[in-house]
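Chemist: A structural model of the following input is requested.
(chains A, B, C and D)
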There are 4 protein chains.
Amino acid sequence: MIASPSLKAAAISPRQQYAQAFSRVRRFTEELCRPLAIEDYVVQSMPDASPAKWHLAHTSWFFETFLLSPADPSYRSPDPLYTYLFNSYYVQVGERFSRPERGLLSRPTVEQVYEYRAHVDRCMAALFERADDALIERFAPVIELGLHHEQQHQELILTDLKHMLSVNPLRPAYRAAPTNRTVAPAPPEHRWLSFDEGLYAIGHDEASFAFDNESPRHQLFVHAFRIGSRLITNGEYQRFIDDGGYRRPELWLSDGSKVVEAHRWTAPAYWTHEHKHSKHFTLHGLLDWDPNEPVCHVSYYEADAFARWAGARLPTEAEWEIAAVTVPIEGRFSDSEYLHPAGASATESEGLSQMYGDVWEWTQSPYVPYPGFRPASGAIGEYNGKFMCNQMVLRGGSCATPSGHIRPTYRNFFPPEARWQFSGIRLAEDA
Amino acid sequence: MIASPSLKAAAISPRQQYAQAFSRVRRFTEELCRPLAIEDYVVQSMPDASPAKWHLAHTSWFFETFLLSPADPSYRSPDPLYTYLFNSYYVQVGERFSRPERGLLSRPTVEQVYEYRAHVDRCMAALFERADDALIERFAPVIELGLHHEQQHQELILTDLKHMLSVNPLRPAYRAAPTNRTVAPAPPEHRWLSFDEGLYAIGHDEASFAFDNESPRHQLFVHAFRIGSRLITNGEYQRFIDDGGYRRPELWLSDGSKVVEAHRWTAPAYWTHEHKHSKHFTLHGLLDWDPNEPVCHVSYYEADAFARWAGARLPTEAEWEIAAVTVPIEGRFSDSEYLHPAGASATESEGLSQMYGDVWEWTQSPYVPYPGFRPASGAIGEYNGKFMCNQMVLRGGSCATPSGHIRPTYRNFFPPEARWQFSGIRLAEDA
Amino acid sequence: MIASPSLKAAAISPRQQYAQAFSRVRRFTEELCRPLAIEDYVVQSMPDASPAKWHLAHTSWFFETFLLSPADPSYRSPDPLYTYLFNSYYVQVGERFSRPERGLLSRPTVEQVYEYRAHVDRCMAALFERADDALIERFAPVIELGLHHEQQHQELILTDLKHMLSVNPLRPAYRAAPTNRTVAPAPPEHRWLSFDEGLYAIGHDEASFAFDNESPRHQLFVHAFRIGSRLITNGEYQRFIDDGGYRRPELWLSDGSKVVEAHRWTAPAYWTHEHKHSKHFTLHGLLDWDPNEPVCHVSYYEADAFARWAGARLPTEAEWEIAAVTVPIEGRFSDSEYLHPAGASATESEGLSQMYGDVWEWTQSPYVPYPGFRPASGAIGEYNGKFMCNQMVLRGGSCATPSGHIRPTYRNFFPPEARWQFSGIRLAEDA
Amino acid sequence: MIASPSLKAAAISPRQQYAQAFSRVRRFTEELCRPLAIEDYVVQSMPDASPAKWHLAHTSWFFETFLLSPADPSYRSPDPLYTYLFNSYYVQVGERFSRPERGLLSRPTVEQVYEYRAHVDRCMAALFERADDALIERFAPVIELGLHHEQQHQELILTDLKHMLSVNPLRPAYRAAPTNRTVAPAPPEHRWLSFDEGLYAIGHDEASFAFDNESPRHQLFVHAFRIGSRLITNGEYQRFIDDGGYRRPELWLSDGSKVVEAHRWTAPAYWTHEHKHSKHFTLHGLLDWDPNEPVCHVSYYEADAFARWAGARLPTEAEWEIAAVTVPIEGRFSDSEYLHPAGASATESEGLSQMYGDVWEWTQSPYVPYPGFRPASGAIGEYNGKFMCNQMVLRGGSCATPSGHIRPTYRNFFPPEARWQFSGIRLAEDA
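Modeler: Predicted coordinates for the structure are as follows:
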């Protein structure tokens, strides 16, 4: 649970604890939007992305729909159309406004959306105020889900803004780069860490919060494998490019070749084609490109082709998780001043580094249900299960993921051509 | 010239006269935007429309590019990229930002765009201040063109906003409907006004301002024709619909049938399908539909099909102009409180009514050059000539046209499927 | 009428005359198909083109639908579905098979289509046999229309086959080039022929057969103009290319620029990009490109851009017709051994040459109804009128037009981007 | 190996054995084409399908490219362009003719394609004639691969023809239905067969021929599961439809809902919408629809939605294989007179039935490499590995699969929206 650290620190009631967690998460969403001009909230730069305004409203809609309304039949939304406008994909809740047209809505205004949030927050505060233990217990799963859901949208706010700002020739920064930013040191040598074959268990044990797609925890047989000690860097990826990587079809999945050709990809997203790719667009504007930083904004196809070029492969999600549980959850998250993946530091040279934060790591595992998976019943069960086709699993979180949101069992998923997330590469190979 | 009425009224110099006209037109653009929330300036609801913010900037860019820069080589734009961002289609000026992506730009902000306008206005004021007669004489054509150009964008601001607001399920109004709005009276009987065959001259005589496409004035032989005394009304158009008009291919041009099928048109744009089309979306929100108001927001294909159904045809642009010069320039323009076409009044029952303002009238004339037409040389010559293909001529102005902007010789043009302009129907027939 | 020359030569009855004309035209269609392999009849290489098999069947369907069925209610088609399969666009006749999918039909087989033709021909022969004068008189307009209609499809068979063969990397020839083919001589100097301003009449006088769109003959006022003495050659067009013609947007209509960019045009259709365009694909396979032959397979946009580059313009259709009536109908038609436009010969140097045959000449006139135009009533009236939008008029016929099919008043029409017809360039200018 | 049964039966040399297998497989391809008219060979009815002519040529190209050329550097193809025209997707072999445009090629003619086949067959016969044991041993893997490859195209010839004939309103049959065809008996009760959890091995042991994607054989841990005793029938699927199956989004994967909406699916492919789906199009023309036959021509999305509606799920490919090895390889294959899946017979009621032939069975397993998978090096390695993304595994073969071509380890794969293969449904559930 999001509030769990503080829970241990102080003797406060579950009710207070949830109220504080709610307040903290909701506030962080608005903090992320503080650097924005009103105009920045409105634009949708591609169908996969949403306007910041929509994220702000949709996360409120979630609490309204799955908590306030069930808890109090007299609850009323500020506008009855908000249910239609801010439903993302929950078909059992009703019709939805067309996703690719979210950027066509100038109204409700940003101010009205913040009023909507304040309205929902007030109603939630009143609910926490009056709730007895039974009510808290009944709604605890939805509160937790709602807060983790909002954290997911916190990450999307950043990635969607990055995309939107990047298409603007003025190259505006989301916020200024930190003045103390230093060049990443040369990465430690890339080494292989070995794991034996055998029966392992992966998946979440349900002792604390997790999304439904992380369950059930289950046994599986894993063949001996080796996993890379750190992430692949920009410099290493540049060598793949220099070796003709994008023009050698034998390195690519067939669908990947088609995408490369259709979009004329020659480098990761946000790299500029001027000056030998020496710049890239970041949340802090157009910056010098650092060879020691992890490569990011690559698609699954590029990660897979790079791995093939390197004589290796991507890890499966089971391999990744088996390795990940051996290291603490440390890395760069969205509370960082510099919203970009960090290079591996020299002190990390002994073991497995960069497993959490920095960049989501593509695995070679299609996103499918775990054996025995059962989605929740009702609309809330539409959360994860219905996307279990045509997507690949990514693991570990990124520099845009809220601190505290990630777990070793966490399964993120995107279509193989997606590049606007902070997605990067870790290698694996058969032992 | 835009300023000419005041010129006659007072003994002011051409310099003062241009300065005043400039100030008046520029101010009216901003007045039109006064009802907008900041968010309303940003959205582009379809490729043919532009965000209000873009119109505000582009009209300033025009003066910057064709007047301030040529007049003063040391002139600097607030941002060198503005030339790229706010050029519409003048290829000789340089590269342009992709038109369908104008809505992806959150920056420059609305405030920055107003600063840009103020900057251009200050520089123009300084130019008027220091200009001698020779300079004014040299730049008079560009000033006049720039002001008429800005008036064209004033109309587009309204039509583009109407479209943008209409796709929003909240159905926001551009501004509130006037409280004194009354139902239109029953229209006078539709009658035919006859004109003899013979040699006529049409086109502009160049004694005052006109766009290049209105020249040269030239002779042509016109066969005897009759023209309808007034516009076709919503009620008359509804009878066409009730008679299966949209489902009878024999009434339609072949290309029109395809468009009707592809878009599933069953009524003019902005009519709602609920409640037997009894409502339509206007700049004042969703209003009751008035059978006595002129039908508007029809495409050329619909106007043509209606005419065929009525046993008539649309007028040619020559016929329209020959008739139009016989009546004064009166009608509803964008200085009206109610921004919607007005019904014909009983007092107009004797002659030709509604020729100006209210709705643009589709003619059956493709938009082609007049005999002897020569566009201006240089980039400014790209104004009209290069669009002389695949478009149809409309005449007479609309309720969104600025008062004083229209002339009998004025040629507007849109592709035959366009519906977002205030475009309506007047009939004609062979004598 | 198609049969009129022979009518004068011999004292044969109208019945015999029509029967002979019918037989002659129908036979020529099949002769054109003689070089084909069965496979060549089946393929549709683009939505605008149709398989040869379809042309063979559709022209038979025309006689079946508009003549055999009305003349004899007991008439039966070999298959009731043929009406559906072989209707082109006559919506009043009923539903039609989707045009772009004509190439998906392997059945009826070529043999069955020839049987269908033979069936229709037998029924027509029987009709001619038993018809009295009254019946002949009643159906004469439809017979004539059907034969001219079939001649139009004879031209399309050639142009559609040319396109289909051209997309095949094997570059098959429709038939071998004539062995006696010689290089075209240097063209005579391009000169201007002047015509005075004044009232002229154009259009068909209805003394003999013409399509409905050529009527009514009507007066119009034409300004003084000059027309080029001959067609523009490949060599002259190459100079336009060499001068950067395709890369200079100031030479192009706005829509033309978009088409050039979208299709990456850099030369007329069928020119090969290897070897400096020294080859082009013809109905006789890949041949050497001759600078003295007329340029062909250019779109309206290219013809218009070339004219602007040359400091001239394209003629209007009225100007073309006024000039064309002054010369005899001579030129290369589809009875030629070499199915490609011929160069102007030295002996033609004095006056206007190449007005008929060789290439269709783009005019700057959009295809619109003549004043007073009325299409025929019923389905047969869908012949021409419903296409009077978004197309440009071409005049004069081409080397693929059947000999005897062309007239000075003949109006052909295609969308401005069409290139698969034998379409070329003649210039005009204001006097 | 294809020839292995006969190998055991008689004392013939490997050389003879391969020569006989080669001859038998090649002949069967041509037998499958015997019912076709020449026109039927030419048409490509959708990008996923290929003309029969292309299949005939491509399978010959395979032997030419991977066997005749390497075996004899002096080998020459009848036309050097055949390499370009008939390469499917082997990028290391060179450029390929655009796949969706295979139907635009009227040439080479069918006769020329058969000559090409005969040429390759003669060269192969000569090779078999002169080959010593070393040569046979060296090329045995390629010969076997080439023959299994050709068998795959034998199946595609049938499925592609079925699609092509189905779009023709004449509804032609590939060949007449067998006269002795009887209505399928009521299927035996659907029962669940249980398998315990544990370590299993799946994949091919390489003792005989298999495709590379079936290797390596490897251990995996499988949870206890149950698998359906027989295939789902048309009648059972109709109940899903009647229960609103296609209109209940909660039953569908998100991508599935989009596909259903986009294509307006309301039933399996080839079911007719007239007469309550009482007919369906088959290789024998339009036939009565039999409720007892296995449902086929469903996409993965439909199979998955049906399973969810039935309270079950699809099997994984491992589950399927673990079950399949327990039964003999029996079922309806393409040597059947009636080319349609057969109903389960009463005698099969005891155990697992219909595992082989009849219909390919969708599994819930995305098509990914087995642990330790390595594709062959060189162009021939492009056979399977590069398609391991965005596709789902199907198992068991169909009534269009050549007899002898299927194995328990055989992995077929298609995108989840594909319906033109004979693909059906078997259920599974957790134990």
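
Chemist: any idea how far residue A:335 is from residue C:403?
Modeler: The gap separating residue A:335 from residue C:403 is 84 Å, by Cβ to Cβ, to the nearest Å. All C-beta spots, glycine's among them, are computed from the backbone N, C-alpha and C.

Chemist: quick one, which of the two is more surrounded?
Modeler: The neighbour comparison of residue A:335 against residue C:403 (other Cβ atoms under 10 Å in any protein chain shown) goes to residue C:403, with 17 against 13.

Chemist: Could you verify that residue A:286 is part of a helix?
Modeler: No - according to DSSP: H, G, I helix; E, B strand; the rest coil, residue A:286 belongs to no helix; its state is strand.

Chemist: Mind listing the residues bridging to it?
Modeler: residue A:281 (DSSP bridges).

Chemist: pretty sure it contacts residue A:172?
Modeler: No - with contact defined as Cβ atoms under 8 Å, residue A:286 does not count as touching residue A:172 (9.9 Å).

Chemist: Spell out which residues of the stretch 301-431 of chain A are next to chain B.
Modeler: By Cβ under 8 Å from any Cβ of the partner chain, no residue of the stretch 301-431 of chain A approaches chain B.

Chemist: Quick check: the residue of the stretch 301-431 of chain A nearest chain C.
Modeler: Nearest to chain C in the stretch 301-431 of chain A, going by Cβ to the nearest Cβ, is residue A:417, at a distance of 23.7 Å.

Chemist: Which helix or which strand is home to that residue?
Modeler: Residue A:417 is located outside every helix and strand, with elements delineated by DSSP states H and E.

Chemist: Over to residue A:55?
Modeler: Using DSSP H and E, residue A:55 sits in helix A:52-63.

Chemist: mean confidence score for that helix?
Modeler: In this model, helix A:52-63 carries a mean pLDDT of 98.

Chemist: Can you name the element that comes right after it?
Modeler: Later in the chain than helix A:52-63, the nearest helix or strand by DSSP H and E is helix A:69-71.

Chemist: Give the next helix or strand downstream of that following helix.
Modeler: Next element after helix A:69-71 (DSSP H and E): helix A:82-86.

Chemist: Other residues contacting the helix or strand following that next one?
Modeler: Proceeding N to C from helix A:82-86, the next assigned helix or strand is helix A:110-130, under DSSP H and E. Contacts with helix A:110-130, where a contact means Cβ atoms under 8 Å, 6 or more residues apart in numbering or on different chains, come from A:15-16, A:18-19, A:22-23, A:26, A:30, A:38, A:41-42, A:53, A:56-57, A:60, A:63-64, A:67-68, A:71-72, A:75, A:78, A:82, A:108, A:135, B:38-39.

Chemist: how about helix A:110-130: buried residues?
Modeler: Residues of helix A:110-130 classed as buried: A:110, A:112-114, A:116-117, A:119-121, A:123-124, A:127-128 (neighbour count, 16 or more other Cβ atoms under 10 Å in any protein chain shown).

Chemist: Give the burial count for the residue in the stretch 201-350 of chain A positioned nearest to chain C, as a bare number.
Modeler: Chain C sits closest to residue A:264 of the stretch 201-350 of chain A, with a gap of 14.0 Å, by Cβ to the nearest Cβ. Residue A:264: 7 surrounding residues under other Cβ under 10 Å.

Chemist: what phi and what psi does the backbone show at it?
Modeler: Residue A:264 has phi and psi values of phi 50, psi 50 when expressed as degrees, to the nearest 10.

Chemist: Look up how far chain D lies from residue A:324.
Modeler: 19 Å (Cβ to the nearest Cβ, to the nearest Å).

Chemist: and residue A:215, what pLDDT?
Modeler: 95.

Chemist: Please apply the same query to residue A:106.
Modeler: Value for residue A:106, per-residue pLDDT: 98.

Chemist: Surely it is in contact with residue B:45?
Modeler: No - assessed by Cβ under 8 Å, residue A:106 is found out of contact with residue B:45, at 9.3 Å.

Chemist: So which of those two has more stuff around it?
Modeler: Neighbours were counted for residue A:106 and for residue B:45 using other Cβ under 10 Å; residue A:106 has more, 27 against 24.

Chemist: Which one's more surrounded, residue A:286 and residue A:172?
Modeler: residue A:172 (19 against 15).

Chemist: secondary structure element for that one?
Modeler: Residue A:172 belongs to no helix or strand, assigned by DSSP H and E.

Chemist: ok, now which ones touch it?
Modeler: Counted by Cβ under 8 Å, 6+ apart, residue A:172 has contacts A:165, A:285, B:106, B:107.

Chemist: can you rerun that using 6 Å?
Modeler: Listed by Cβ atoms under 6 Å, 6 or more residues apart in numbering or on different chains, the contact set of residue A:172 reads A:165, B:107.
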